[in-house]
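In: Fold the following.
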Amino acid sequence: MCQPKDQGGLGFKDLVKFNEAMLAKQFWRLLHDQSSLFFRVFKAKYFPHGTVFEAKKSSSSYAWQSILKARSVIKVGSMWRVGDGSTIRVYWDKWLPRNFPSKISSPQKSALGDVRVASLIDQDKKQWDYAKIGHLFLPFEAAKIKSIPICITNQADCIIWPRYRDGLYSVKIGYQLLCELNTQNRASGFAYKMQFTSEESARGSDVPKLRNKVRCNEPSMPLGKILKSTASLLREFQSHTRLGVNTSTQRDIKWKPPEGVMVKTNFDRAIFVESDQAGIGVVVRNNKGQVMAALVEKIPKPASTEILEVLAARRAVQFIHELGFTLSIFEGDAKTIIKALAEGNCLIPSIGHIIKDIEFISGLLRTKSFYHVKRQGNTVAHALVLRAMLSFPVLIWMEDVPPNIYRFVSVNFPIS
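Out: Numbering: from 1, shown residues only. Below you'll find the model as predicted:
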């Protein structure tokens, strides 16, 4: 009865699992709502000298024993977000940005049993110690670590829920996790589903056709070629879709100059799938449309597009501060990030620490504001970010842009 309808059940909730998911919500509150009376009472009684993860079962109340039982749900589905790295144990905690949270699998050095992530960070430069990471970890894990953004300001490490876009745990997602963990194919089913959802959805429509042809002894496409065929059809569809776009609407959206002595800073980002890297582009222009400065930077590809978008915003604010400008409007085409920056929303667990960095740096400016602009009004920054794929880690131009970018400046806003 509790099986989903598409699996032959009636779709009723499994009350045992649902109750455990709700208890896990209380455990999540103990992790994040540490100013509440609920936290202060339970900490004083059950874990006065440690964290809630370190609390031990004892002859305590039934409510506390029930909450501790749900601790395993949070342990399985959560991961650490790196702040200053002082809390996270390198080899024992889950902090790598993968589709399914995981611990370090590289062989452990004998003298580094309880070492913290802070020891891998160059605290003066606020960046990873690349030499140490390359020495201690396998290449694929070293690349993952280097892609994690480091805070510019001092911030504590934080536990987030990576399966939710906002990084927060919910009863619904906890219940889904418990149901998935309860299946017979626990290891292959849950982890495989997390890592290969996009691949399965891409070829899902072709599999039934293939099965029917095999059953009827008809010629069929090899299974290994289905994904390539589907990708080809998708590209063909997208090319025809782009041809049908109303270009007159796109031409009406242009970059607008700032007023008075302010400058306008546009930023954009792109992911380079082939090299597993990402790029950031920033351009600064005055009220006459003249380019004051431009920047392109290549960085390791972050765990999500959302993190890359907010990193591009942080680099734009840093760039303005480095140039000495104090009055700036910032424009980007990532609507969700711009909204979070305009509202000063630092509560989003997955990117809140980077937004705090942006708030700190932008607070050093006399005037700043963040606005969303459509891609057609952000063409110069977009053209710059594509150049990052062929550039050194950082390139800066003062009162100029690369020759192949100037046409975007002229078309976007003709300079007299």
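In: Dump stretch 386-394 to PDB, keeping only the CA atoms.
Out: Coordinates of each C-alpha in stretch 386-394 appear next as PDB, following Å, rounded to 0.1, in the frame of the first residue of the first chain:
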ATOM      1  CA  LEU A 386      34.000  33.100 -23.600                       C
ATOM      2  CA  ARG A 387      37.500  34.400 -24.100                       C
ATOM      3  CA  ALA A 388      38.500  33.100 -20.700                       C
ATOM      4  CA  MET A 389      38.700  29.600 -22.200                       C
ATOM      5  CA  LEU A 390      41.700  30.600 -24.200                       C
ATOM      6  CA  SER A 391      43.400  32.900 -21.700                       C
ATOM      7  CA  PHE A 392      45.700  32.700 -18.700                       C
ATOM      8  CA  PRO A 393      44.100  32.500 -15.200                       C
ATOM      9  CA  VAL A 394      43.600  36.300 -15.100                       C
END
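In: what does that stretch rub up against?
Out: Contacts with stretch 386-394, where a contact means CB atoms under 8 Å, 6 or more residues apart in numbering, come from 270, 272, 275, 277, 279-281, 295-299, 402, 404-405. To be clear about C-beta, it is placed using only N, CA and C from the backbone, and glycine gets the same treatment.
In: ok, 10 Å please
Out: With contact meaning CB atoms under 10 Å, 6 or more residues apart in numbering, stretch 386-394 is reached by 268-272, 274-275, 277-281, 294-299, 315, 384, 395, 401-402, 404-405.
In: Please apply the same query to stretch 131-146.
Out: Contacts for stretch 131-146 (CB under 10 Å, 6+ apart): 82, 90-91, 95-98, 102, 104-109, 112, 115, 117, 119-122, 127-130, 276-277, 299-301, 303.
In: Buried among these? Make that a ChimeraX selection.
Out: In ChimeraX syntax, the buried subset of those is picked out as below (16 or more other CB atoms under 10 Å):
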select :82,90,91,95,96,97,104,106,115,117,120,121,128,277,299,300,301,303
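In: Show me the contacts of stretch 131-146 that map onto strands.
Out: 121-122, 127-128, 277, 299-300 (DSSP state E).
In: Do you have the strands of the protein handy? List them.
Out: Here the chain has its strands, by DSSP E, at 79-81, 121-122, 127-128, 158-160, 263-272, 277-285, 291-300, 327-332, 367-372, 394-398.
In: quick one, which of those is packed in tightest?
Out: Highest mean neighbour count of the strands of the chain: strand 277-285, a mean of 26 (counted as mean count of other CB atoms under 10 Å).
In: Next, the angle from that one to strand 291-300.
Out: Counting by axes from the mean of the first three to the mean of the last three CA atoms, to 10 degrees, strand 277-285 lies at 170 degrees to strand 291-300.
In: partners of strand 277-285 in the sheet?
Out: strand 263-272 (antiparallel), strand 291-300 (antiparallel) (DSSP bridges).
In: So what angle separates the directions of that strand and strand 327-332?
Out: Using the same axes, to 10 degrees, strand 277-285 lies at 140 degrees relative to strand 327-332.
In: nearest to residue 163, of the ones in strands among the contacts of stretch 131-146?
Out: Nearest to residue 163 among the ones in strands among the contacts of stretch 131-146, counting by CB to CB, is residue 300 at 22.8 Å.
In: What sits closest to that closest one if chain neighbours are left out?
Out: residue 147 (4.0 Å; CB to CB, 6 or more residues apart in numbering).
In: Need the phi and psi values for that neighbour.
Out: Backbone torsions for residue 147, taken as degrees, to the nearest 10, come to phi -80, psi -10.
In: ok, it - contacts?
Out: With CB under 10 Å, 6+ apart, residue 147 has these contacts: 96-97, 128, 276-278, 299-303, 307-308.
In: Apply 7 Å and report the result again.
Out: Shown in contact with residue 147 (CB atoms under 7 Å, 6 or more residues apart in numbering): 97, 300-303.
In: Output the below-cut-off pLDDT ranges for the stretch 251-400 of the chain.
Out: Along the stretch 251-400 of the chain, segments meeting pLDDT under 70 span 251-252.
In: Just send the ones in strands among the contacts of stretch 131-146 back as TSV, with distance to residue 44 too.
Out: Below are those laid out as TSV (distance: CB to CB, whole Å):
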residue	distance to residue 44
121	33
122	38
127	39
128	38
277	49
299	44
300	43
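In: Go through these and say which is closest to residue 320.
Out: residue 299 (18.5 Å).
In: give me the beta-bridge partners of that closest one?
Out: With DSSP bridges applied, residue 299 shows beta-bridge pairing to residue 278.
In: tell me the domain boundaries of the protein?
Out: Annotated domains of the chain cover 5-77+166-179, 79-160, 257-412 [automatic domain parsing].
In: deepest of those, which one?
Out: Comparing the domains of the chain by mean count of other CB under 10 Å gives domain 257-412 as most buried, with a mean of 19.
In: to the chain's geometric centre, what's the distance from it?
Out: Mean C-alpha position of domain 257-412 versus that of the full chain (CA atoms, centre = their mean, to the nearest Å) differs by 17 Å.
In: got the contact list for residue 164?
Out: 170, 173.
In: Now do it, the pLDDT please.
Out: You'll see residue 164 listed with a pLDDT of 73.
In: Quick check: the closest residue in space to residue 335 that isn't next to it in sequence vs residue 313, distance?
Out: Leaving out its chain neighbours, the residue that sits closest to residue 335 by CB to CB, 6+ apart is residue 372, at 4.9 Å. Per CB to CB, to the nearest Å, residue 372 is found 11 Å from residue 313.
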